[in-house]
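J.: Generate a structure from the sequence data that follows.
(one chain, ligands or ions: 2)
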Amino acid sequence: MLADSHGRVATDLRVSLTDRCNLRCTYCMPPEGLDWLPKDEVLTDDEVNRLIAIGVTALGITEVRFTGGEPLLRRGLPGIVAAATALTPRPRTALTTNGIGLARVAPALAEAGLDRVNVSLDTLRPDVFARLARRRRLDDVLAGMAAAAAAGLTPVKVNAVLMRGVNDDEAPELLRYCLDHGYELRFIEQMPLDAQHGWRRDDMVTADEILDRLSAVYSLEAADAATRGSAPAELFRVDGGPATVGVIGSVTRPFCGACDRVRLTADGQIRNCLFAREESDLRPLLRGGATDAEIADRWRAAVAAKLPGHGIDDPAFLQPARPMSAIGG
Ligand code: SAM
Ligand code: SF4
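T.: Residues are numbered from 1 along each chain as shown. Ligands and ions are numbered 1, 2, ... in the order given. Just a heads-up that it's a prediction; the model follows:
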């Protein structure tokens, strides 16, 4: 088991497959991109597969989510998914993607055993998309979502981040689109994880504001809190249900006490929290002939040291050195 000293057990592994991306979302990275990891520092497909196998067969991981950067940029993705879903016990698998290229690969991913996808979609307006993501790719994203649904990668979940003065008036429109297409929409509060350190608490569109904006158009009723478990999204039934909308108040409504996640970066670091300031490097073990048991021990120790919370509200809070795109959201 991957237990920490605050009574939590990590069962949900987030695997970042690359730090590279074909978009430049303003809340994530600067227009010029970042200094990408050198190729020899990025884990090979075999190394990723070995770590996932250790996590699932020796450490109690039951859910594996592939992310990035943009995970669809990783050529070996279908093979990595297939290796994960061939494990016993078989973990649940999901992919968080910006949706570009998904229209083409959704059938292959479904064939490889992927269970479902989360697609990031912050706006339905082409000009706002171009301003927010700094690329004109809205149609590709919408096509990717439709293809994922058609391939059975369901429920298709949609992640949206609202930025004040950019797309914060679009919450009801985004929800309408998702309801019409059978997608499950979740709004995520913007977090201080951008490479350019541009996050300001006062600028952040809070969970309360998001709910106010939605409530102006829809009737929202809190879904049973008991079913939430370790899920970060608070769910609300829309207009009596059964459709729901989620709000992830990572900053104003932290859920650290129920967190069951652990992260593996593309270069082989275990991070016990999105906001961790320390990492445990598994790459030297992987490349230095360590046994699975030795790697598992190092991984257990990394999770055991997990802090109780992210401390964003603490005046002494320091943003982690690694930005979101290099951690895996
Ligand atoms: N590129 C993929 C994507 O965009 O879905 C996967 C990686 S991305 C880092 C994962 C999720 O993190 C996306 O839904 C994105 O909107 C979200 N994200 C990125 N930066 C964020 C920030 N500063 N605050 C909140 N969410 C953020
Ligand atoms: Fe790329 Fe995802 Fe970051 Fe946008 S949020 S720049 S799509 S990694």
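J.: which residue sits closest to Ala94 in space, ignoring its chain neighbours?
T.: The shortest distance from Ala94 to any non-neighbouring residue, by CB to CB, 6 or more residues apart in numbering, is to Arg65 (4.7 Å). C-betas here are computed from N, CA, C, even on glycine.
J.: Looking at Thr227 now. What's its pLDDT?
T.: We have a pLDDT of 67 for Thr227.
J.: Over to Thr67?
T.: pLDDT at Thr67 comes out at 98.
J.: was I right about it contacting Leu13?
T.: No: counting by CB atoms under 8 Å, Thr67 sits too far from Leu13 to count as a contact (10.5 Å).
J.: Between the two, point out the one with more neighbours.
T.: Neighbour totals were compared for Thr67 and Leu13, and Leu13 leads with 27 against 24 (other CB atoms under 10 Å).
J.: Tell me how far that one lies from Cys21.
T.: 21 Å (CB to CB, to the nearest Å).
J.: do Tyr177 as well
T.: Counting by CB to CB - Tyr177 and Cys21 are separated by 23 Å.
J.: In terms of secondary structure, what does the helix or strand harbouring Leu174 contact?
T.: Leu174 belongs to helix 171-181 when assigned by DSSP states H and E. Packing partners of helix 171-181 (3 or more CB pairs under 8 Å, 6 or more residues apart in numbering; DSSP states H and E): helix 138-150, strand 157-161, strand 184-188, helix 207-215.
J.: how about a cut-off of 10 Å?
T.: If contacts are counted by 3 or more CB pairs under 10 Å, 6 or more residues apart in numbering; DSSP states H and E, helix 171-181 sits against helix 138-150, strand 157-161, strand 184-188, helix 207-215, strand 234-238, strand 244-248.
J.: Up against ligand 1, what does this protein have?
T.: Listed as neighbours of ligand 1 in the chain under the rule CB under 6 Å from any ligand atom: 21, 27-28, 67-68, 70, 96-98, 120, 159, 161, 188, 190-191, 193-194, 324-325, 329.
J.: If His269 is in a bridge, with which residues?
T.: For the record, residue 269 is Gln, not His. Assessed by DSSP bridges, Gln269 has beta-bridge partners Asp281.
J.: Wait, it touches Pro320, no?
T.: No: here Gln269 does not reach Pro320: they are 11.4 Å apart, not a contact under CB atoms under 10 Å.
J.: what sits in contact with each of those two?
T.: Any residue near both Gln269 and Pro320 by CB atoms under 10 Å, 6 or more residues apart in numbering counts here, and that gives 276, 278-279, 326-327.
J.: List the contacts of Ala108.
T.: Neighbouring residues of Ala108 by CB under 10 Å, 6+ apart: 77-79, 81-82, 114, 151.
J.: Look up how far Pro155 lies from Thr96.
T.: Thr96 is 14 Å from Pro155, by CB to CB.
J.: typo on my end, it should be Val303
T.: The value you get for Val303 to Pro155, if CB to CB is used, is 29 Å.
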